[in-house]
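Trainee: need coordinates for the following:
(2 chains)
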Amino acid sequence: MTDKPIDKPKARVRPKEEFNFFQDQRVRSAFYQLLTAGIVGWLAWYLISNTAHNLEVRGMNTGFGFINSSAGFDTDFKLIDYTPGVGTYGDIFLIGALNTLLISFLAIIVSTVLGFFIGVLRLSSNWLVAKVALAYVEIFRNVPLLIQIVFWYIGVFSLLPKVKQSLDLSFGAERVILNNRGLYMSTPLPGDLFWMTLATLAIAVVGAFLYRRRAHKLQDTSGKQTNTLLPSLAVIIVLPVIVFLATGMPLEWDVPVLKGFNYVGGTSVPPAFLALLVSLSIYHAAHIAESVRAGILSVNKGQSEAALSIGLKPGRVMSMVVIPQAMPAIVPPLISNWMNTVKNSSLAIAIGYSDVVSLFMQTALNQAGYAVEMVGMTMAFYMFISLTISFFLNIYNKRVQLVER
Amino acid sequence: MAIIKAEKTPDRSAPVSETSVMGWLHKNLFSSAFNTLLTLFTLYIIYLTASGVYGWGLRDATFAAENRRECYDYSLTGACWAGVIDWLDNIFYGRYPREEIWRINFGGLLLALWMAPLWMGRVKGKVLVGVTVVVFYPFLAGYLFSGGDKGFFMQVMVTGAIVAFAINMANMITGLTKNMGLNAFIIQMLEQGKAPDKTQRNILLLLLAIAFAAAFVWQVNWTVEGVSWTKWGGLFLTLVISGIGIASALPGGIILALGRRSKLPIVRVLSTGFIEVFRSVPLITVLFMATTMFPLFMPEGFVLNKLVQVIIAVILFNACYMAETVRAGLQAIPKGQFEGAHTIGLGYWGTMGLIIMPQALKHMIPNIVGSFIGLLKDTTLVSIIGLFDILGMLRSISKDVPWLGLHKEPLVFGAILFFIICFSMSKYSRHLEVKLSAGHKH
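Mentor: Below is the predicted model of the structure:
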């Protein structure tokens, strides 16, 4: 045997592996995926073909043509013009969707404000206050929302005085009336020159904002503090009032007036609306309070101690140091709570507030059929809202993540 | 020369302001003028609420009356609990035949006994207890509640449940008294401790087969009267729906969560889509879909009853929420666990089933209890689509002729009932959380 020159080791030694069809990673993954897709596809086809067959056998109508056909029923609460017999099912869907959005929007605002308030109270140094806040959270979180909604509707807002003995919430001015038919409010009717007041208000707000920014800059550069709150408020309130008076008060009020058996005029909301608003706000405030509390507790204690030691007052420590740092921890659960508020507003159906589910998915569906299309449209509506909200949440999360702590 | 004191100077006691009741009051309630004001204001609010609730719910309330008129005769401002008391059976059991109610109670007792070993430190084989209760109990309870004729499959499952329950109880007794598992105890009794493993196993299997055969022969003659599901109602129905919901949502959620974390794109996209669709719509729309569209999905002539439709909807809905709980649990498992499992040669299912899932599930127990609370509360929604669950029953009281218009008291009673159940469960889950995380930290 002669000495062979030693081979230089190759850069990468790959053992020659026999290609085994059943052991190959890619083949297996493709197989499992095709299998899943096949099963899901078959199931979908099976359900669709059954549905098509059933619809044919029962002689049910299909397609979205019904959207333009007229709906023969009325609803007690609507934000757009609608006449039964003339308005279409498309209008009905729009009315329901707007009603859902309105009640959710209001409930979100009230529950967020109330939730932050209670969440801060939960951490109060006053033992009694903290315990009361705890009791609020535990009671309203552990009772089903539906029971709360029905209770507020039947137990409170339906037991209000009759029309003749209405409560006047505007201290004798008869501008805001509450009775068992609902809440009646005066509506402003802007006159010809009212736009000038609005324009002045807009200019005043922008001016106050710029002034505030300049004051902040001044503080950053020179350390001089300016009181911005009072001048801003003065500008925002006084200027529009002057313009309003100068243009001859071009604003009328549409006041609800008792005519026959009911109040006419102004804006009114039915008791179901009030019951839903109150119960949604209270229920979700309890949940929001817990996430606010958790968020505040997640801020390092040294932050508030340091803020106290440089002489900030406890209230300012909370609002300027702790809460801003707690926000990244509070916002995601807060927004998921908002999403739940939108979804839970569908419980309106139990008390007859005409939201999209009770108006479109129940009443319209019972009137016209089209089960598949109507259920699909309602679900698509909720999915659209959820996707929109998560889109904004993702943007927020990205922005917050940039700030490294 | 140094002065040395032989005894230790006794500790000075804490200042009075730190230990006394007055000190505590000062610190927590009256530390400043503002705080004092706040305390007094809160006390006033508490007084108003408490006196209102006491006056309405206890002082002026009627507990015994034949109808609502008698309540009014007694007091106009107090609660009329007599109506709720009169309907108590309906609230708990719905329209279930009165002479058959023992079956529901017995079913509940069986479940409690079956699961009791899970809380007993000395009893062995807890995983088996958990698995048998999920696999067999539903069939036994299902037959106990609905009754009627058993098909062959049902006969086998009921037999399995009886055997599993008996073994479980025997195992609990040997565990508590002798501190050993049932199998070890039997082997010891038969003095086969020295016999080879194979012989021991064969003996146990033989005994199991005998027990199964005996139970099978016995159950053939054990029948209970059929009760239609339309008679089910009240808290019982609520618990049935949420119980089945949570038990089936867990495996469904595990599968969906694994699908969402899968490396296979098609599987991932399908699971993600399914989860997100059901999570973005309200439960009530899913329930409506179940009642209006499921009949269309089924082949012609195949009719699902409403209860089954609702249960399917609840399972689908909750599986998607459970999937997110499971996913969170999976994300908490450190990467080293996956890598370690791969290193010792485990494949995907081995890694997941033996290494990852057991750890993840243990940490998820508090969240699963939380989901169960949510599901229990959500189940009240089935009253909207016409099932007489607890809320449906509570609302029917006001339509009963003697109690016409009695709305508030039943709802308050329902609220209290739910509060007790949900609050104690959430307290328990928090306790578990602390216990589990403490066990994990060292």
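Trainee: I figured B:Phe185 was touching B:Thr174, is that so?
Mentor: Yes: with contact defined as Cβ atoms under 8 Å, B:Phe185 counts as touching B:Thr174 (4.3 Å). The C-beta positions use only the backbone N, C-alpha and C, and glycine is treated the same way.
Trainee: more neighbours: those two, which one.
Mentor: Between B:Phe185 and B:Thr174, counted using other Cβ atoms under 10 Å in any protein chain shown, the more crowded position is B:Thr174 (21 against 18).
Trainee: in chain A, where is pLDDT below threshold?
Mentor: A:1-19, A:401-405 (pLDDT under 70).
Trainee: tell me where it has strands.
Mentor: A:167-168, A:176-179, A:182-185, A:187-190, A:251-254, A:257-259, A:262-264, A:267-269 (DSSP state E).
Trainee: any chance of the ones you listed in CSV, plus mean neighbour count?
Mentor: Shown next, in CSV, are these (neighbours: other Cβ atoms under 10 Å in any protein chain shown):
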stretch, mean neighbour count
strand A:167-168, 12
strand A:176-179, 20
strand A:182-185, 22
strand A:187-190, 12
strand A:251-254, 13
strand A:257-259, 13
strand A:262-264, 16
strand A:267-269, 17
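Trainee: got a markdown table for the ones you listed, with distance to A:Ala202 too?
Mentor: Shown next, in a markdown table, are those (distance: least, Cβ to Cβ, whole Å):
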| stretch | distance to A:Ala202 |
| --- | --- |
| strand A:167-168 | 34 |
| strand A:176-179 | 27 |
| strand A:182-185 | 25 |
| strand A:187-190 | 15 |
| strand A:251-254 | 17 |
| strand A:257-259 | 33 |
| strand A:262-264 | 34 |
| strand A:267-269 | 24 |
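Trainee: need the ones you listed in CSV with distance to chain B, can you?
Mentor: As requested, the strands of chain A are exported to CSV (distance: least, Cβ to the nearest Cβ, whole Å):
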stretch, distance to chain B
strand A:167-168, 19
strand A:176-179, 19
strand A:182-185, 19
strand A:187-190, 32
strand A:251-254, 35
strand A:257-259, 27
strand A:262-264, 23
strand A:267-269, 22
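Trainee: and the closest residue to B:Trp56 other than its chain neighbours, how far from A:Ile351?
Mentor: Excluding the flanking residues, the one nearest B:Trp56 by Cβ to Cβ, 6 or more residues apart in numbering or on different chains is B:Ala79, at 5.5 Å. Applying Cβ to Cβ, to the nearest Å, the value for B:Ala79 to A:Ile351 is 22 Å.
Trainee: and for A:Ala285?
Mentor: Counting by Cβ to Cβ - A:Ala285 and A:Ile351 are separated by 20 Å.
Trainee: could you do B:Tyr93 as well?
Mentor: 27 Å.
Trainee: for the residue in the stretch 201-350 of chain B that chain A sits nearest to, give me its contacts.
Mentor: Residue nearest to chain A within the stretch 201-350 of chain B: B:Ser280 (3.5 Å; Cβ to the nearest Cβ). The contact partners of B:Ser280, taken as Cβ atoms under 8 Å, 6 or more residues apart in numbering or on different chains, are A:Met339, A:Tyr382, A:Met383, A:Ile385, A:Ser386, A:Leu387.
Trainee: mean confidence score for stretch B:103-122?
Mentor: Averaged over stretch B:103-122, pLDDT sits at 89.
Trainee: other residues contacting it?
Mentor: B:93, B:96, B:123, B:126, B:129-130, B:132-133, B:137, B:140-141, B:144-145, B:147, B:165, B:168-169, B:171-172, B:175-176, B:179, B:224, B:236.
Trainee: buried sites along that stretch?
Mentor: B:Arg103, B:Ile104, B:Gly107, B:Leu110, B:Leu111, B:Trp114, B:Pro117 (16 or more other Cβ atoms under 10 Å in any protein chain shown).
Trainee: redo those as JSON lines? Include distance to B:Ile275 and secondary structure.
Mentor: Output for the buried residues of stretch B:103-122, formatted as JSON lines (distance: Cβ to Cβ, whole Å; DSSP: H, G, I helix; E, B strand; the rest coil):
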{"residue": "B:Arg103", "distance to B:Ile275": "38", "secondary structure": "helix"}
{"residue": "B:Ile104", "distance to B:Ile275": "35", "secondary structure": "helix"}
{"residue": "B:Gly107", "distance to B:Ile275": "33", "secondary structure": "helix"}
{"residue": "B:Leu110", "distance to B:Ile275": "34", "secondary structure": "helix"}
{"residue": "B:Leu111", "distance to B:Ile275": "30", "secondary structure": "helix"}
{"residue": "B:Trp114", "distance to B:Ile275": "32", "secondary structure": "helix"}
{"residue": "B:Pro117", "distance to B:Ile275": "34", "secondary structure": "helix"}
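Trainee: out of those, who's nearest B:Gly245?
Mentor: B:Leu111 (15.4 Å; Cβ to Cβ).
Trainee: distance check, that closest one against B:Gly147.
Mentor: Taken as Cβ to Cβ, the span from B:Leu111 to B:Gly147 is 18 Å.
Trainee: quick one: residues contacting the residue nearest to B:Trp56.
Mentor: B:Trp56, B:Gly57, B:Asp60, B:Ala61, B:Thr62, B:Lys408, B:Glu409, B:Val412.
Trainee: what do you get if the cut-off is 6 Å, keeping everything else the same?
Mentor: B:Trp56, B:Gly57, B:Ala61, B:Glu409 (Cβ atoms under 6 Å, 6 or more residues apart in numbering or on different chains).
Trainee: mind putting those into TSV with secondary structure, pLDDT and neighbour count?
Mentor: Conversion of the contacts of B:Ala79 to TSV gives the following (DSSP: H, G, I helix; E, B strand; the rest coil; pLDDT from 0 to 100; neighbours: other Cβ atoms under 10 Å in any protein chain shown):
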residue	secondary structure	pLDDT	neighbour count
B:Trp56	helix	90	17
B:Gly57	helix	89	15
B:Ala61	coil	89	19
B:Glu409	helix	92	26
